[in-house]
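J.: Predicted model follows, preceded by the sequence.
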Amino acid sequence: MSLPEFTLRQLIEGGVHYGHQSHRWNPLMAPYIHSKKNGIHIIDLTQTVPMLDAALKKVTDIVSKGGSILFVGTKRQAQAPIKDAAERSAQFFINQRWLGGTLTNWKTVSNSIQRLNSIDEQLSLGVEGLTKKELLGMRREQAKLQASLGGIRNMKGVPDLLFVVDVGKEALAVAEAVKLGIPVVAIVDTNCSPHNIDYLIPGNDDASRAIAIYCDLMARAAIAGLQQEISDQGEDLGASEEGMDADAQAAEGEKPEPADDAEAAAEEKPETQSAGESQPDAQPAVEEETTAEAAGEGDVVADQSDVQPAAEAADEQSAGEEEAATAEEPETEGGNEETAKNV
């Protein structure tokens, strides 16, 4: 994170060390006054440099974390530098009259911003059907809202830090920021009070060259914060990608486990083969069983062959008995006749 660089000579050339007339001073600024020359107080720049550096670090830190800065400077010589610095650093600004409640009554201000957006949209679509008087009133309202709210129309809420030029003129803005707990970075001249200022920068708040130096440094600090935020996001993305790669590599490292299973299966194959080698011992047993079954079938066939002659013998025996019976019948008939004659 590189902060904008500046030198003491640049501050002197810009007239930062010139304060107000000595009779208009604020005694609370006495610790920051170096001397008095020709009725004008001279600010001690040896204190301004480190305090300005601390303020720049705070701005960079807030922007790097995604925060927003509101540049406030409504005096004539500060309007252009304030607007330019805010637009250059993609921040927000108010360079016209500070509307009461801009921060403390943000809901109402956001409604006015919505009204400004609706007017812009209506005018962009066309002015057909509007009378000359209606169109003139709408354009006047647009110009008024644009002057007061144009610099904060894209702000989604209250800012994270306030940068103020001339705390005497912007006392209302400082009071609202203090009420909401928003840190304030401010340029404080010898005629102003340093109270309620979180990051005090003693310096001339009237010279155009001095104001341009302040605004340029703040814009560069905000840009440095944006660059830091982008680089941090890149590192986060890179870290997440590295994590994904590590997970993928871990997954790939776990994948070879099936290969181990295959190796285990290959180691088991010889055992299966050895079991297969023992199968020929089982084959003779199967052949013996087959032979036994064949032998049993042969016995059955043999038994059947023995039964057939026995059946034939029985048939012959029965046929012989029938013939014998037939032969005895005539004798019986003859005996009967003899019996009848004797009677």
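T.: Sure thing, it's come through.
J.: Check the secondary structure at S2 for me.
T.: On the three-state scheme (DSSP: H, G, I helix; E, B strand; the rest coil), S2 is labelled coil.
J.: and what of I187?
T.: strand.
J.: Report the contact partners of it.
T.: The contact partners of I187, taken as CB atoms under 8 Å, 6 or more residues apart in numbering, are 164-167, 201, 203-205, 211, 214. Every residue, glycine included, has its C-beta placed from N, CA and C.
J.: Please apply the same query to I42.
T.: Counted by CB under 8 Å, 6+ apart, I42 has contacts 17-19, 33-36.
J.: now do Y214
T.: Applying CB under 8 Å, 6+ apart, the residues near Y214 are 81, 165, 187, 201, 203.
J.: let's see it at 6 Å
T.: I187 (CB atoms under 6 Å, 6 or more residues apart in numbering).
J.: To which secondary structure element is it assigned?
T.: helix 208-254 (DSSP states H and E).
J.: per-residue confidence averaged over that helix?
T.: Taken as a whole, helix 208-254 carries a mean pLDDT of 78.
J.: Now for the contacts of I187: which two are most distant?
T.: V164 and N204 (14.6 Å; CB to CB).
J.: Between those two, which has more neighbouring residues?
T.: V164 (27 against 23; other CB atoms under 10 Å).
J.: so what's that one bridging to?
T.: V72, A186 (DSSP bridges).
J.: my guess is it contacts A171, does it?
T.: No. Counting by CB atoms under 6 Å, V164 stays clear of A171, with 9.5 Å between them.
J.: buried stuff in stretch 222-230?
T.: Using 16 or more other CB atoms under 10 Å as the test for burial, stretch 222-230 gives 222-226, 228-229.
J.: all helices for the stretch 51-200 of the chain, in order.
T.: Taking DSSP state H, counting those that start in this stretch as the test, the helices found in the stretch 51-200 of the chain are 76-88, 106-125, 132-149, 171-180.
J.: Show the average pLDDT along the last one.
T.: Just to be clear, that refers to helix 171-180. 95.
J.: Run through the neighbouring helices and strands of that helix.
T.: If you count contacts as 3 or more CB pairs under 6 Å, 6 or more residues apart in numbering; DSSP states H and E, helix 171-180 packs onto no helix or strand.
J.: same question, the third one
T.: For helix 132-149, the elements it packs on are helix 106-125, judged by 3+ CB pairs under 6 Å, 6+ apart.
J.: What residues sit buried inside the helix it packs on?
T.: 106, 109-110, 112-113, 116, 119.
J.: Same question for stretch 210-221.
T.: Here stretch 210-221 shows 210-221 as buried, counting by 16+ other CB under 10 Å.
J.: Adding distance to L135, write those residues out as JSON lines.
T.: Shown next, in JSON lines, are the buried residues of stretch 210-221 (distance: CB to CB, whole Å):
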{"residue": "A210", "distance to L135": "43"}
{"residue": "I211", "distance to L135": "38"}
{"residue": "A212", "distance to L135": "39"}
{"residue": "I213", "distance to L135": "44"}
{"residue": "Y214", "distance to L135": "41"}
{"residue": "C215", "distance to L135": "37"}
{"residue": "D216", "distance to L135": "40"}
{"residue": "L217", "distance to L135": "44"}
{"residue": "M218", "distance to L135": "40"}
{"residue": "A219", "distance to L135": "38"}
{"residue": "R220", "distance to L135": "43"}
{"residue": "A221", "distance to L135": "44"}
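J.: Alpha carbons only: can I get stretch 73-88 in PDB?
T.: C-alpha atoms of stretch 73-88 as PDB (Å, rounded to 0.1, in the frame of the first residue of the first chain):
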ATOM      1  CA  GLY A  73     -16.200  22.100   0.800                       C
ATOM      2  CA  THR A  74     -18.800  24.800  -0.100                       C
ATOM      3  CA  LYS A  75     -16.700  27.900  -0.100                       C
ATOM      4  CA  ARG A  76     -16.000  29.400  -3.600                       C
ATOM      5  CA  GLN A  77     -12.300  28.600  -3.800                       C
ATOM      6  CA  ALA A  78     -12.900  24.900  -2.700                       C
ATOM      7  CA  GLN A  79     -15.800  24.000  -4.900                       C
ATOM      8  CA  ALA A  80     -13.800  23.000  -8.000                       C
ATOM      9  CA  PRO A  81     -11.000  21.100  -6.300                       C
ATOM     10  CA  ILE A  82     -13.500  19.200  -4.100                       C
ATOM     11  CA  LYS A  83     -15.500  18.100  -7.100                       C
ATOM     12  CA  ASP A  84     -12.500  17.200  -9.100                       C
ATOM     13  CA  ALA A  85     -10.900  15.200  -6.300                       C
ATOM     14  CA  ALA A  86     -14.100  13.300  -5.500                       C
ATOM     15  CA  GLU A  87     -14.800  12.400  -9.200                       C
ATOM     16  CA  ARG A  88     -11.200  11.400  -9.800                       C
END
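J.: No further questions, thank you.
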